[in-house]
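In: My questions concern the predicted model and sequence given below.
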Amino acid sequence: MRIIVLGTGLVGAAMARDLAEEKNWNISVADVSTESLKRLQNDGRITKIQADLSKAKTLLKLASKSDLIIGALPGFMGFEALKTLISAGKNIVDISFFPENPMVLDALAKKKGVTAIVDCGVAPGCSNMLIAYACSRMEKTNSAACYVGGLPKTRTWPYEYKAVFSPIDVLEEYTRPARYVENGKIVVKPALSEPELLDFPPIGTLEAFNTDGLRTLMDTMDIPDMKEKTLRYPGHIEKMKVLRETGFFGKNEIKIGKKSVRPMEVTARLLFPLWKLEEGEADFTVMRITVEGTKNSKTVRYTCELYDEYDPAAKTTSMARTTGYAATSAARMLASGIFKRRGICPPEYIGMEEKACRFMLKQMAGKNINYKERFETIKTARQQETCREAGKGRHCPQSVPVGRHSARHLMSRRLVVPRALRAACPSAPGG
């Protein structure tokens with residue numbers, strides 16, 4: 001199989017090296033930056049091509065020599081590139097995360113007989129897939145939430161952050177309004193709004209804020225309440241709000257003397273050197289997904305958690321691993337013939353097919369990227385109240401909200417409960 005990876009940033013290079021492990025696969029990469037291509041200069045398994053990927057003719061020429069395409073371009077280039085490649089009749093797995101709605105290309109993809117798996121990273125990506133998988137196990141889904149972030153292990157003043165993917169796309173998270181689903185309706189909230197503090201072992205406390213990460217889930221999933229929040233070290237929200245409200249993220253030109261500049265471009269030029277993840281610098285990725293609904297007349301909750309770190313042996317960042325290896329797993333899934341759907345295929349379509357979903361998770365587990373899943377029956381508010389009355393004010397363990405205490409903390413506490421109370425509240429622990 002002939003595969004070309006478009007873009008050789010931290011993630012694109014990691015994907016190319018991973019795909020080159022496959023026997024009888026011919027792997028090429030293309031990028032306009034010779035500096036980026038140097039990441040792979042010592043890998044003789046991979047053909048390096050210097051090319052301007054913003055030009056449709058260049059994309060079509062590269063596509064003509066490929067059986068499958070992996071898109072890893074910056075978001076501002078992603079949509080037009082995807083449209084061009086679909087028109088060429090080529091299957092593609094894309095992680096460009098462009099702001100446009102990919103579903104507008106669905107009719108074209110189906111007409112061309114193309115499978116285009118879009119947003120195929122960690123989040124969006126595996127988050128969408130696992131939310132859809134959880135929904136397929138429930139009779140009715142009431143809510144879904146995803147908390148996700150990629151951060152450096154060492155906190156360095158002043159920002160305590162490093163851009164582990166396209167930096168310009170990071171700034172978009174701080175300005176693009178966040179779309180959520182509440183009570184079955186799409187609502188729009190400011191980026192960086194509604195902060196929360198959550199505990200994530202083994203990291204500690206992180207802060208979460210609204211970002212526009214639901215994307216295709218708003219159209220493909222019938223879930224009345226959905227949200228996605230980005231995680232950072234505490235204090236990051238306030239710093240970004242100060243920059244945003246002062247105008248540093250503005251996209252309209254302003255006059256400085258006789259010159260015109262865009263504040264966003266100046267800010268990017270100043271921030272990116274501070275946000276550059278140095279070679280060998282360790283990072284981590286953390287994600288928590290919760291989906292609640294009903295099954296067999298019971299309220300059930302699906303929880304999935306991910307914690308991944310920098311791989312020093314392969315010198316691969318965690319974000320490159322969790323994002324890139326999701327895409328390469330999808331490439332292998334297409335090559336295997338397990339997933340046959342045509343058209344624009346966001347990752348939730350993979351989650352709707354259990355065999356395809358399990359293939360993806362197994363592939364990533366082979367890279368030591370482990371999604372820890374669990375299903376549990378939880379109490380309704382009425383059941384919790386009954387339990388409290390029976391216990392004269394004492395809560396049952398199941399009534400503790402997710403995130404309030406860790407499972408380890410709950411297991412470490414042994415409650416001695418009288419037999420009469422256990423009879424009134426069977427879920428209470430024994431004496």
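Out: Structure's in. What do you need? Residues are numbered from 1 along each chain as shown.

In: Enumerate the positions of the longest helix along the chain that are buried.
Out: If you go by DSSP state H, the chain has its longest helix at helix 318-336. The neighbour-count check on helix 318-336 (16 or more other CB atoms under 10 Å) flags 318-334 as buried. Using the backbone N, CA and C atoms, a C-beta is placed for each residue, glycine as well.

In: which residues in the stretch 51-200 of the chain form helices?
Out: With DSSP state H, counting those that start in this stretch as the criterion, the stretch 51-200 of the chain has helices at 56-64, 75-87, 106-111, 126-136, 167-173.

In: same check, this time on the stretch 201-350 of the chain
Out: Here the stretch 201-350 of the chain has its helices, by DSSP H, counting those that start in this stretch, at 217-220, 236-246, 263-275, 318-336, 347-351.

In: right, and these - which one's nearest Ser66?
Out: For these, proximity to Ser66 was assessed by CB to CB; helix 318-336 is nearest, at 11.6 Å.

In: how about the CA coordinates for the closest one, as PDB?
Out: Below are the C-alpha coordinates for helix 318-336, written out as PDB (Å, rounded to 0.1, in the frame of the first residue of the first chain):
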ATOM      1  CA  SER A 318       2.400  12.000  24.300                       C
ATOM      2  CA  MET A 319       0.200  14.300  22.100                       C
ATOM      3  CA  ALA A 320       1.800  12.900  19.000                       C
ATOM      4  CA  ARG A 321       1.200   9.400  20.300                       C
ATOM      5  CA  THR A 322      -2.400   9.800  21.300                       C
ATOM      6  CA  THR A 323      -3.300  11.900  18.300                       C
ATOM      7  CA  GLY A 324      -1.100  10.300  15.600                       C
ATOM      8  CA  TYR A 325      -1.600   6.700  16.600                       C
ATOM      9  CA  ALA A 326      -5.300   7.100  16.600                       C
ATOM     10  CA  ALA A 327      -5.000   8.200  12.900                       C
ATOM     11  CA  THR A 328      -2.600   5.400  12.000                       C
ATOM     12  CA  SER A 329      -4.900   2.900  13.800                       C
ATOM     13  CA  ALA A 330      -7.700   4.100  11.500                       C
ATOM     14  CA  ALA A 331      -5.400   3.700   8.500                       C
ATOM     15  CA  ARG A 332      -4.800   0.100   9.400                       C
ATOM     16  CA  MET A 333      -8.500  -0.400  10.000                       C
ATOM     17  CA  LEU A 334      -9.300   0.800   6.500                       C
ATOM     18  CA  ALA A 335      -6.600  -1.400   5.100                       C
ATOM     19  CA  SER A 336      -8.000  -4.400   6.900                       C
END
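
In: could you give me the average pLDDT of it?
Out: Average pLDDT, helix 318-336: 97.

In: Next, the angle from that helix to helix 126-136.
Out: Angle of helix 318-336 versus helix 126-136, following axes from the mean of the first three to the mean of the last three CA atoms, to 10 degrees, is 60 degrees.

In: Buried deepest among the helices of the stretch 51-200 of the chain, which one?
Out: Most buried of these, by mean neighbour count (mean count of other CB atoms under 10 Å): helix 126-136, with a mean of 26.

In: other SSEs contacting that helix?
Out: strand 140-152, helix 217-220, strand 283-295, strand 298-309, helix 347-351, helix 354-365 (3 or more CB pairs under 8 Å, 6 or more residues apart in numbering; DSSP states H and E).

In: Just name the most buried of the ones you listed.
Out: Of the helices and strands packed on helix 126-136, helix 347-351 is the most buried (mean count of other CB under 10 Å), at a mean of 26.

In: so how far is it from its chain's centroid?
Out: Remark: helix 347-351 is offset 13 Å from the chain centroid, using CA atoms, centre = their mean, to the nearest Å.

In: swap in stretch 143-157?
Out: That offset, for stretch 143-157, works out to 11 Å (CA atoms, centre = their mean).

In: export that stretch as CSV, just CAs?
Out: The C-alpha trace of stretch 143-157 is given here as CSV (Å, rounded to 0.1, in the frame of the first residue of the first chain):
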residue,chain,number,x,y,z
SER,A,143,-25.6,13.3,28.8
ALA,A,144,-22.0,13.1,27.6
ALA,A,145,-19.0,15.1,28.8
CYS,A,146,-15.3,15.1,27.8
TYR,A,147,-12.5,16.8,29.7
VAL,A,148,-9.1,16.6,27.8
GLY,A,149,-5.8,18.3,27.7
GLY,A,150,-2.1,18.0,26.8
LEU,A,151,0.5,19.6,29.1
PRO,A,152,4.2,19.7,29.8
LYS,A,153,5.1,17.6,32.9
THR,A,154,7.3,20.5,34.1
ARG,A,155,5.5,23.7,34.9
THR,A,156,7.5,26.6,33.7
TRP,A,157,6.6,30.3,34.5
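
In: wait, what's in contact with Val286?
Out: For Val286, the contact set (CB atoms under 8 Å, 6 or more residues apart in numbering) comprises 148-151, 200, 203, 206, 231, 306-308.

In: List phi and psi for Glu21.
Out: phi -70, psi -20 (degrees, to the nearest 10).

In: burial count for it?
Out: By other CB atoms under 10 Å, the residues close to Glu21 number 10.

In: how far away is it from Gln363?
Out: 12 Å (CB to CB, to the nearest Å).

In: do Ile203 as well
Out: Distance from Ile203 to Gln363, by CB to CB: 26 Å.

In: So for stretch 290-299, first residue to last residue, what's the gap.
Out: Taking CA to CA, to the nearest Å, stretch 290-299 runs 13 Å from one end to the other.

In: Contacts made by it with the rest, please.
Out: Here stretch 290-299 makes contact (CB under 8 Å, 6+ apart) with 131, 134-135, 137-145, 300-303, 377-380, 402.
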